[in-house]
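S.K.: Structural data only, the sequence is not supplied:
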């Protein structure tokens, strides 16, 4: 089944404890992206990748890192999480770019205490 | 001014009703437009793209008005299963497909 797999689904952590949210797609998509969703603000892009080893900042990249060493994986890294990073996170992918149909992972609800 | 603005609602309509949402965008160079549907706390899913000439998919009709910089979504014969948040999505950059801008969504509840 074609899908974007995101893990974990829920995560509670404390300030400063490094964490990684994994994202993997099995559709051979070139484009992958991370979003956070907060009430009243809609989805905001954190980072995106047009292909392997090509990543770029979105609208809200501060406090996040990403890597794209393989086409299928695009992990999101929070080196030192803070409470303002408490949010619902979505990974998404599409064949070539953001202008095409985006396939989303099921989301990660992160709480930073 | 937000780049993409939607009335958050909620829109509460009876089953069978026709309901319409509008979404305005600020960048006149925006190239592509979409409506996504999101059920509560779940991942967004593409409902339909919006084409310049307008397009229809079953009970759903999308329109684009470039002069006034808005897109619309019309749902006819509403079903209970249409209850969701509808996200207006715009590709704001000419010649680029790197980023999209999402509206904050319009909440629809279809009542029995």
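M.R.: Received the coordinates, thanks. Since the model is a prediction, treat every value here as computed from it, not as a measurement.
S.K.: Okay, and the beta partners of the residue nearest the centre of chain A?
M.R.: By Cα atoms, centre = their mean, chain A has its centre lying nearest to residue A:34, at 3.0 Å. Here residue A:34 sits in beta bridges with residue A:47, residue A:91, going by DSSP bridges.
S.K.: who's in contact with it?
M.R.: The contact partners of residue A:34, taken as Cβ atoms under 8 Å, 6 or more residues apart in numbering or on different chains, are A:23, A:45-48, A:58, A:64, A:66, A:74, A:76, A:89-92. C-beta: built from backbone N, CA, C; applies to glycine.
S.K.: any idea which element residue B:110 lies in?
M.R.: strand B:106-111 (DSSP states H and E).
S.K.: what comes up buried for that strand?
M.R.: B:106, B:107, B:108, B:110 (16 or more other Cβ atoms under 10 Å in any protein chain shown).
S.K.: circling back: if you rank the contacts of residue A:34 by neighbours, which is first?
M.R.: With neighbours taken as other Cβ atoms under 10 Å in any protein chain shown, the top of those is residue A:74, carrying 31 neighbours.
S.K.: Now do the contacts for it.
M.R.: A:23, A:24, A:25, A:32, A:33, A:34, A:49, A:66, A:67, A:68, A:91, A:93.
S.K.: Does the third one touch residue A:104 like I think?
M.R.: No. In this structure, residue A:25 sits apart from residue A:104 without contact. The criterion is Cβ atoms under 8 Å, and the distance is 10.3 Å.
S.K.: which residues are in contact with both of those two?
M.R.: Shared contacts of residue A:25 and residue A:104, counting by Cβ under 8 Å, 6+ apart, come down to residue A:4.
S.K.: one step back: the contacts of residue A:74 in strands, which ones?
M.R.: A:23, A:24, A:25, A:32, A:33, A:34, A:49, A:66, A:91, A:93 (DSSP state E).
S.K.: got the contact list for the helix or strand harbouring residue B:21?
M.R.: Under the criterion of DSSP H and E, residue B:21 resides in strand B:19-25. With contact meaning Cβ under 8 Å, 6+ apart, strand B:19-25 is reached by B:3-7, B:11, B:13, B:33, B:68-75, B:78, B:86, B:88, B:90, B:92, B:101, B:103, B:106, B:108.
S.K.: partners of it, with directions?
M.R.: By DSSP bridges, strand B:19-25 pairs with strand B:4-6 (antiparallel), strand B:70-75 (antiparallel).
S.K.: On the three-state scheme, the residue of chain B found nearest chain A is what?
M.R.: Closest to chain A within chain B is residue B:97: 3.2 Å, counting by Cβ to the nearest Cβ. Taken by DSSP: H, G, I helix; E, B strand; the rest coil, the conformation at residue B:97 corresponds to coil.
S.K.: Flag every residue of chain B that's near chain A.
M.R.: Contact residues, chain B versus chain A (Cβ under 8 Å from any Cβ of the partner chain): B:4, B:8, B:31-32, B:36, B:41-46, B:49, B:87, B:91, B:97-100, B:102-105.
S.K.: give me that answer again for 10 Å
M.R.: Residues of chain B found near chain A (Cβ under 10 Å from any Cβ of the partner chain) are B:2-6, B:8, B:31-32, B:34, B:36, B:38, B:41-46, B:49, B:87-89, B:91, B:93, B:96-105.
S.K.: which stretches of chain B form strands?
M.R.: B:4-6, B:11-14, B:19-25, B:32-38, B:45-50, B:55-57, B:60-65, B:70-75, B:84-91, B:101-102, B:106-111.
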